[in-house]
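**Student:** Test case, fold it:
(one chain, ligands or ions: 1)
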Amino acid sequence: MADNRERQVMKLKKTFVFIFILVMGLSIFAFSDQVLQINVNKVGSKISPTLFGIFIEDINHAVTGGLYAEMVKNSSFEYSDPMDGWTVSKYGTGIVVEVASETSISINKVNPNYLIIKIPKNGEWIKIINSGYNGIPLEKNESYDLSLYAKTKNSTSTIYVSLETSNGEVCAEGKINNVGSTWEKYQITLTSSMSSDNGKLIIKIDSVGSIYLNMISLLPSKAFHGMRIDLVNMLEALKPGFVRFPGGCFVNGNTLGNAFNWENSIGPHIDRPTTMDFWGYEQSYGIGLYEYLLLCEHLNAQPVFVINPGMSWQGSNDVQIVPLKDMGKWVQSALNLIEFADGPATSTWGSIRASLGHPKPFDLEYIEVGNENVGQDYYERFELFQKAIKAKYPNVKLIFSAGANYSGSDFDRAWNWAKDHEVDIVDEHIYASPDWFLSNTDRYNTYKINGPEVMVGEYAAQPWNDQNTLEAALAEAAFMTGLEKNSDKVIMASYAPLFNRVDYSQWVPDLIWFNSTQAYGTPSYYVQLLFSLYRGDFILPSSMNDNEYIVDGNNYKHLYYVVSYDSKNKEIIIKIVNPWPNNEKCQIDLNGNISLTGNGQVITLTSNDPVTSNIPFHGRINSINTFENPTHVAPVYESITDISTSLNYTLKAYSLTIFKIETNGL
Ligand code: AHR
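**Tutor:** Residues are numbered from 1 along each chain as shown. Next up is the predicted model:
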């Protein structure tokens, strides 16, 4: 009997425990509120004004056929196939059209090639046609500046120029008369009467004699110093703190022969050579050092020029290294570059800058010596630059490469060397999976405040399908909360690569995708934009309860967050990333003495697309932007009122949410 009762009591107890566990379990799922506690009376670390910047490199035709608005492909007939980009149509027998490079005729040694056309008889004609990069895009009522160098022999020629659709409809036409017998630059502006995505430039000659042509250029009149205005506008919207340029491996070169050489990149375009670049296509230095500096000035961003340290790309078996005894001219070139950018208009190189139209010095405070270089050869050469630059320009900060990997023996050795040699800033590059970024948001917590500062000069989350998915963007956002929290140590960070011309793509993911007429920001672009725009000048300390999230036995954070204060606008800025598939209720508590206006704004970046896979980090949220739907994933802005010091908000699944809370001052 007693046994029976005991058994029943035990059974009841078990049932009770079971129900208790069930209820508790359910309540954990149903009410798993996260509480973000913010201390508004404690000033945390300062946020570097240069924290979020951009990195421009000519990869994916980012610059050639991209940012550089030149519409003519192979303007100077210097490509390895000198007629690449050009087709010929002619009427008559005996017409000669060929590329030559006779020294007595060439304009200069840098661009020795020229096109020679000979027409033997009256009534004959020839057209040379350039369709640019998969068609020249023309816009109705827009103007285009055509220029070319020409000279004639045995005749006075007229050059007819026209812009036409691919079907031969004329959009604009003009002519250059009285071409003389010595090389001259001729210019004409053409206004297009219609739009065409796929137009062409036609140059027609119909007079007897010989004519020589070179450096045939067509630029939209609205271009910004030769740069495509829609792409410049997209960069401007990011309000970057700095611009790292011009590479990347582009700076290293496959050999020292095609490493970027800034001295070749200034002055008239006819004096700039065409080179087969590291990324396997020909570029003409159309955007050179001076244009990059003008862009930085326009963007109000610090220029960060990357200079070759006398070594070609170290990934090659045939790496070329300038002997130490011959490094003098390389180091002098870096000093000249600084003088070109920063020197008074009376200095040797400053006067060249002034002659180009910019007597006022640019504000070049950073030089990176090397890109992804490692090892003793690099260290020895870096030291030469460091000694010379610091002696002449003590305020210029030097950036040192940590190599291509973000961990491992080369990386550790680089950091140790940097610490022992008073390096100002170390550049780390991180290309990794979204999973890695989510798992490494605290990477910089352990970095020392008194060591060299950090630049994360290249980083991107690369998802399974190499697309710019929302999933990847959110992983980057989570990582960026860690960058911002540690911005007293990490002073610069830039996503890479910046641009992808889709019809010449060679590396994905990228921040901005474009073709000849359109450009759009990826979800990663909007993450960069939001972090850049909504950022205070110092951190407000914050913490979150129970912030663990376990997926497949791996530990992540439930929510990733950073809080800062913008003294100028008197706003508290809270960024929270929820990279998981559930909406999350979050309570935000502002602790301390604070007076709020009650007003604010919530900005959300997310998508309502269905989850495509249950496997974490393998395409669970594949949302992307496209040319058809360029803002499928884009920020949504909402005003909020009646904000008190405790705010409850449901964070959407797969979202970045930013709260801007107005105060009456801290
Ligand atoms: O961003 C593309 C390339 O990645 C860069 O040229 C190089 O620095 C890195 O390896």
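
**Student:** that's a helix at His298, yeah?
**Tutor:** Yes. The assignment for His298 (DSSP: H, G, I helix; E, B strand; the rest coil) places it in a helix.

**Student:** For it, which non-adjacent residue is closest in space?
**Tutor:** Excluding its sequence neighbours, the residue lying closest to His298 (Cβ to Cβ, 6 or more residues apart in numbering) is Phe224, at 6.9 Å. Where C-beta positions appear, they are placed from N, C-alpha and C, glycine not excepted.

**Student:** right, and the one you found touches Asn233 too?
**Tutor:** No. Using Cβ atoms under 8 Å, Phe224 is not in contact with Asn233, being 9.0 Å away.

**Student:** Compare those two and say which one has the larger neighbour count.
**Tutor:** Phe224 (18 against 11; other Cβ atoms under 10 Å).

**Student:** Get me the contact residues on this protein for the ligand.
**Tutor:** Counting by Cβ under 6 Å from any ligand atom, the residues of the chain close to the ligand are 57, 59, 247-249, 371-372, 404, 429, 458, 496-497, 507.

**Student:** Give me the nearest residue to the residue most central in space within the chain, chain neighbours excluded.
**Tutor:** Most central in the chain under Cα atoms, centre = their mean is Leu498, positioned 2.8 Å from the mean C-alpha point. Nearest residue to Leu498, sequence neighbours excluded (Cβ to Cβ, 6+ apart): Leu511, at 5.1 Å.

**Student:** Kindly report the same for Ser516.
**Tutor:** Ser516 sits nearest to Pro137 (Cβ to Cβ, 6+ apart), 4.5 Å away.

**Student:** and that neighbour, that's in a strand?
**Tutor:** Yes. Counting by three-state DSSP, Pro137 is part of a strand.

**Student:** So what's the residue count around it?
**Tutor:** Pro137, neighbours per other Cβ under 10 Å, totals 20.

**Student:** Next up, the contacts around it.
**Tutor:** Pro137 is in contact with 71, 196-199, 516-517, counting by Cβ atoms under 8 Å, 6 or more residues apart in numbering.

**Student:** in this protein, what residue is nearest the ligand?
**Tutor:** As assessed by Cβ to the nearest ligand atom, the ligand sits closest to Gly248 within the chain, at 2.8 Å.

**Student:** Might one say that that residue is in contact with Phe55?
**Tutor:** Yes. Contact status for Gly248 versus Phe55: in contact at 7.5 Å, counting by Cβ under 8 Å.

**Student:** still on that earlier bit, ok, of the contacts of Pro137, which come out buried?
**Tutor:** 71, 196-199, 516 (16 or more other Cβ atoms under 10 Å).

**Student:** what's the closest of the residues you listed to Tyr654?
**Tutor:** Distance to Tyr654 across those (Cβ to Cβ) is lowest for Ser516, with 32.7 Å.

**Student:** Wait, that closest one touches Glu139, no?
**Tutor:** No. Assessed by Cβ under 8 Å, Ser516 is found out of contact with Glu139, at 11.2 Å.

**Student:** Give the full set of residues in contact with the residue nearest to the centre of the chain.
**Tutor:** By Cβ under 8 Å, 6+ apart, the contact set of Leu498 is 54-57, 62, 510-512.

**Student:** Which ones among these lie within strands?
**Tutor:** Among those, DSSP state E puts 54-55, 512 in strands.

**Student:** and the gap between Leu498 and Phe245?
**Tutor:** Leu498 is 10 Å from Phe245, where distance means Cβ to Cβ, to the nearest Å.

**Student:** who touches both of those two?
**Tutor:** Residues touching both Leu498 and Phe245 (Cβ under 8 Å, 6+ apart): 55-57.

**Student:** pLDDT weak spots in the stretch 51-200 of the chain?
**Tutor:** Low-confidence segments of the stretch 51-200 of the chain (pLDDT under 70): 156.

**Student:** In it, mark out all the strands, start to finish.
**Tutor:** For the stretch 51-200 of the chain, the strands defined by DSSP state E, counting those that start in this stretch cover 52-55, 86-91, 96-100, 114-119, 125-130, 136-138, 143-153, 157-164, 170-179, 184-191, 196-205.

**Student:** Send me the third one as CSV with only the CA atoms.
**Tutor:** It stands for strand 96-100. Taking C-alpha atoms only, strand 96-100 is exported to CSV below (Å, rounded to 0.1, in the frame of the first residue of the first chain):
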residue,chain,number,x,y,z
VAL,A,96,46.0,51.5,-95.9
VAL,A,97,45.1,51.4,-92.2
GLU,A,98,47.7,50.2,-89.8
VAL,A,99,49.3,50.8,-86.4
ALA,A,100,52.9,52.0,-86.6
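
**Student:** give me the number of residues near Phe411?
**Tutor:** For Phe411, the neighbour count with other Cβ under 10 Å is 18.

**Student:** ditto for Val304
**Tutor:** Val304: 28 surrounding residues under other Cβ under 10 Å.

**Student:** Next secondary structure after the helix or strand containing it?
**Tutor:** Element membership of Val304 [criterion: DSSP states H and E] is strand 302-307. Counting by DSSP H and E, the element after strand 302-307 in chain order, helix or strand, is helix 328-342.

**Student:** Quick one: list the elements packing against that next one.
**Tutor:** Applying 3 or more Cβ pairs under 8 Å, 6 or more residues apart in numbering; DSSP states H and E, one finds that helix 328-342 contacts helix 289-299, strand 302-307, helix 348-355, strand 366-369, helix 375-392.
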